[in-house]
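Undergrad: Pasted the sequence and its predicted model underneath.
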There are 2 protein chains.
Amino acid sequence: MDSSASRPLPQPVRDLTGYDLLLSVAELGSIGQAARAHGMSQPAASARLRRLEAEVGTALLERRPRGTRLTTAGELVASWAQAAVEAASNLAAGVAALRADRHGHVRIAASLTVAEYLLPRWLIALRATDPDTVVALNSGNSAEVVTEVLAGSVDIGFVEGPDVPSGLSSRQVARDELVLVVSPAHPWAHRRRGPRAEELAAASLVGREPGSGTRQALERALEQQLGVEAPAPALEVSSTTAIKAAVTGGLGPAVLSARAVGAELAAGTLVRLDVTDLDLTRTLCAVWPEGTLPRGPARDLLAIALREQ
Amino acid sequence: MDSSASRPLPQPVRDLTGYDLLLSVAELGSIGQAARAHGMSQPAASARLRRLEAEVGTALLERRPRGTRLTTAGELVASWAQAAVEAASNLAAGVAALRADRHGHVRIAASLTVAEYLLPRWLIALRATDPDTVVALNSGNSAEVVTEVLAGSVDIGFVEGPDVPSGLSSRQVARDELVLVVSPAHPWAHRRRGPRAEELAAASLVGREPGSGTRQALERALEQQLGVEAPAPALEVSSTTAIKAAVTGGLGPAVLSARAVGAELAAGTLVRLDVTDLDLTRTLCAVWPEGTLPRGPARDLLAIALREQ
DNA sequence: GGGGGTGCATAAGCTGTGTCTATGGCCCGT
DNA sequence: ACGGGCCATAGACACAGCTTATGCACCCCC
């Protein structure tokens, strides 16, 4: 109902350039050097930073004759800014990979969960080791990823386990935890313990369309535990965002990746419950054609993914 | 040496407006409604989204007569964008709190670690429960926070524990883990196990100035373990950013909050080591004058902080 | 089967923001 | 005393993005 998500971003942070510049000043020690690092003239940088200080209403910089340092408030703003700039960098890395369709040096196919939450950081790390590598990303469900890897149209794939089809080698690169979430107004939100699998299966859930890996994992877990086929969701929506909106609006509980609802749990717009007798953890695996080993940038990417887990 | 941090943000993601708009379209189901939510005309939104699609090089929207939905690629970009918009919102919340100096309904004093990594999210959650509350934030070291709380010039304070001075009530709201980090090129980076406390004390560390809470916590832990006074850092720098740059540049190891180096560890620009015989965990506490209870928005903020830990 | 409504695209004009070059002042080191 | 690094100011220019006005496609409903 409150749906704070639809509130547009406040003007002062729409454009991160000023904050990015602030970070460079913190790192390089002078406005002029930061300006050069950003390919702009020194007066332009000076003006931007001045405007930034006016927006924040506090002195962020200590301008000294031999250079410029950050004030305490400046350090604080810089640390917030760094998180924002980092997230924006992830976004940029993802977009770049999406853009370089088919012309990349590394062709990657990834299921949605991996592409959404893990891949951007890997790509940035990859750029650090192979600076000139162009990445091409195809995102699809696990079956599509497997097809592409087997066809050789990509160099490496990432799928939601636990099953790996024959003909592929695999390594686990992460675990993905599915969690049950409800609106804070839902009756379950105030129970001491979460529901049991039986109750969950009987509830009218909000869920994705049949092809979704998250839905498959849930159905599989329910069937294993209860021995009967899990019922279809009472409400089918086409995107994670739409599910979250529906749950927040009180249309029912949903099962989603923990990574997808971290912010909502932190903000209290969603409440997490543990299903007492159900293990909703699944593995995320890198896959490549059996008998080969990833080479070149694909090998580096695999190493990065393994290092991070 | 490589110092990827100084690279400026690529143009396409400097301005998050288009991505923010994309998120609103995903949530609201039409370009026109998203435009209204952002206080702009429908053609303006349409144009922005069109430019966004051109930048990404892929269709993100499926324009249907009764509305607009996101394509698969659109969903992917939206999920990346959401993380970026969220981080930018945190930044905005922090800046707003910094700006409302002394005129807020809730006056908060927070030590740097809390202000940097926890407070923005709390403030956003607070806005959800108390929409019209204006927050005023003062950031300083723990001693300054305590002084302000005792003087009654703030309604609630957040400090780095474990000691809480007399005259204050407190509740633990989080734990903060300090970690030892070195450059990947450092000899320690390839050791099976991290150094022992003794080695750490003998190493030439990069550290903050004497007043820093992080430095105090490290010195305290070393003194407890070794029984001697810990030596001053071989290189003193004035900001976390500068420390990270120094460590990356190979000037020596450093001990920092795990929250501060998450991205660098993920990117592989820093390597984390565990000091085998040293517990570097400290607690973060909310504090307020003894004998009272936080009231109004301060009470809500405390509840949010306790809920999140 | 034709209004009315909803939703998106295009066109034209304007305002404002951000940038550049050029210049001056300040402080430090030599 | 002088040169160099660093930052601020001034003036001019260019472009980006917004708004209003309008047209077209589709759906619902009477």
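TA: Thanks, I have it.
Undergrad: For A:Arg69, give me phi and psi.
TA: Main-chain dihedrals, A:Arg69, degrees, to the nearest 10: phi -120, psi 170.
Undergrad: Skip the chain neighbours and tell me the closest residue to it.
TA: A:Glu62 (4.8 Å; C-beta to C-beta, 6 or more residues apart in numbering or on different chains). Every residue, glycine included, has its C-beta placed from N, CA and C.
Undergrad: where does that neighbour land in three-state SS?
TA: At A:Glu62 the chain is in strand, as set by DSSP: H, G, I helix; E, B strand; the rest coil.
Undergrad: Now do the contacts for it.
TA: By C-beta atoms under 8 Å, 6 or more residues apart in numbering or on different chains, the contact set of A:Glu62 is A:Thr68, A:Arg69, A:Leu70, A:Thr71, A:Gly74.
Undergrad: Equivalent analysis for A:Gly296, please.
TA: A:His105, A:Val106.
Undergrad: Could you report the separation of it from DNA strand C?
TA: 37 Å (C-beta to the nearest atom of the strand, to the nearest Å).
Undergrad: again, but for A:Leu137
TA: 25 Å.
Undergrad: What count of nearby residues applies to the nearest residue to that residue once chain neighbours are set aside?
TA: Leaving aside its chain neighbours, A:Leu137 sits nearest to A:Ala97 (3.8 Å; criterion: C-beta to C-beta, 6+ apart). Number of residues near A:Ala97 (other C-beta atoms under 10 Å in any protein chain shown) recorded here: 25.
Undergrad: now the angle from the host helix or strand of A:Ala97 to helix B:72-99?
TA: Assigning secondary structure by DSSP states H and E places A:Ala97 in helix A:72-99. Interaxial angle, helix A:72-99 versus helix B:72-99 (axes from the mean of the first three to the mean of the last three C-alpha atoms, to 10 degrees): 170 degrees.
Undergrad: ok, is the following helix or strand past helix A:72-99 in contact with chain B or not?
TA: Using DSSP H and E, the helix or strand that follows helix A:72-99 in sequence is strand A:106-111. No: using C-beta under 8 Å from any C-beta of the partner chain, we find that strand A:106-111 stays clear of chain B, coming within 9.4 Å at best.
Undergrad: now swap in stretch A:259-268 and tell me
TA: Yes: Stretch A:259-268 is in contact with chain B by C-beta under 8 Å from any C-beta, via A:Ala260, A:Ala263, A:Ala266, A:Ala267, A:Gly268.
Undergrad: Likewise for stretch A:214-225?
TA: No: residues of stretch A:214-225 contacting chain B under C-beta under 8 Å from any C-beta: none, with a closest distance of 12.9 Å.
Undergrad: which residues sit against that stretch?
TA: With C-beta under 8 Å, 6+ apart, stretch A:214-225 has contacts from A:113, A:160, A:178, A:197, A:200-201, A:207-209, A:229-230, A:233, A:255-257, A:277-280, A:282.
Undergrad: With stretch A:29-42 instead?
TA: A:17, A:20-21, A:24-25, A:27-28, A:44-46, A:49, A:61, A:63, A:67-69, B:6-8.
Undergrad: near DNA strand C, from the residues you listed?
TA: Filtering those for proximity to DNA strand C (criterion: C-beta under 7 Å from any atom of the strand) leaves A:Thr17, A:Ala44.
Undergrad: Restricted to helices, list the contacts of stretch A:29-42.
TA: A:Thr17, A:Asp20, A:Leu21, A:Ser24, A:Val25, A:Glu27, A:Leu28, A:Ala44, A:Ala45, A:Ser46, A:Leu49 (DSSP state H).
Undergrad: Write the ChimeraX selection for whichever of these are buried.
TA: Selection of the buried residues among these in ChimeraX, burial being defined by 16 or more other C-beta atoms under 10 Å in any protein chain shown:
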select /A:17,20,21,24,25,27,28,45,46,49
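Undergrad: if we look at DNA strand D, which of the ones in helices among the contacts of stretch A:29-42 are close to it?
TA: A:Ser46, A:Leu49.
Undergrad: Tell me who's in contact with the nearest residue to A:Leu205 once chain neighbours are set aside.
TA: Excluding the flanking residues, the one nearest A:Leu205 by C-beta to C-beta, 6+ apart is A:Pro233, at 4.6 Å. Contact analysis of A:Pro233 by C-beta under 8 Å, 6+ apart lists A:Ser204, A:Leu205, A:Val206, A:Gly207, A:Arg208, A:Arg215.
Undergrad: Narrow the residues you listed to just the buried residues.
TA: Buried, going by 16+ other C-beta under 10 Å: A:Leu205, A:Val206, A:Gly207, A:Arg208, A:Arg215, out of those.
Undergrad: Okay, and the beta partners of the second one?
TA: Per DSSP bridges, the residues bridged to A:Val206 are A:Leu235, A:Ala254.
Undergrad: circling back to that earlier point, let me have the buried ones among the contacts of A:Pro233 in JSON lines, adding distance to A:His105 and pLDDT as columns.
TA: Shown next, in JSON lines, are the buried ones among the contacts of A:Pro233 (distance: C-beta to C-beta, whole Å; pLDDT from 0 to 100):
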{"residue": "A:Leu205", "distance to A:His105": "42", "pLDDT": "90"}
{"residue": "A:Val206", "distance to A:His105": "41", "pLDDT": "89"}
{"residue": "A:Gly207", "distance to A:His105": "38", "pLDDT": "86"}
{"residue": "A:Arg208", "distance to A:His105": "33", "pLDDT": "80"}
{"residue": "A:Arg215", "distance to A:His105": "34", "pLDDT": "83"}
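Undergrad: is it possible to export those residues to JSON lines including distance to DNA strand D?
TA: Shown next, in JSON lines, are those (distance: C-beta to the nearest atom of the strand, whole Å):
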{"residue": "A:Leu205", "distance to DNA strand D": "26"}
{"residue": "A:Val206", "distance to DNA strand D": "23"}
{"residue": "A:Gly207", "distance to DNA strand D": "24"}
{"residue": "A:Arg208", "distance to DNA strand D": "24"}
{"residue": "A:Arg215", "distance to DNA strand D": "27"}
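Undergrad: Which single one of these is nearest to B:Ser142?
TA: Ranked by distance to B:Ser142 (C-beta to C-beta), the buried ones among the contacts of A:Pro233 are led by A:Val206 at 44.7 Å.
Undergrad: got the contact list for the closest one?
TA: Counting by C-beta under 8 Å, 6+ apart, A:Val206 has contacts A:Pro233, A:Ala234, A:Leu235, A:Val237, A:Ile243, A:Ala246, A:Val247, A:Leu251, A:Gly252, A:Pro253, A:Ala254.
Undergrad: Which positions within stretch A:46-56 qualify as buried?
TA: A:Ser46, A:Arg48, A:Leu49, A:Leu52, A:Glu53, A:Val56.
Undergrad: Check stretch A:163-170 too.
TA: For stretch A:163-170, by 16+ other C-beta under 10 Å, it's A:Val164, A:Leu168, A:Ser169, A:Ser170.
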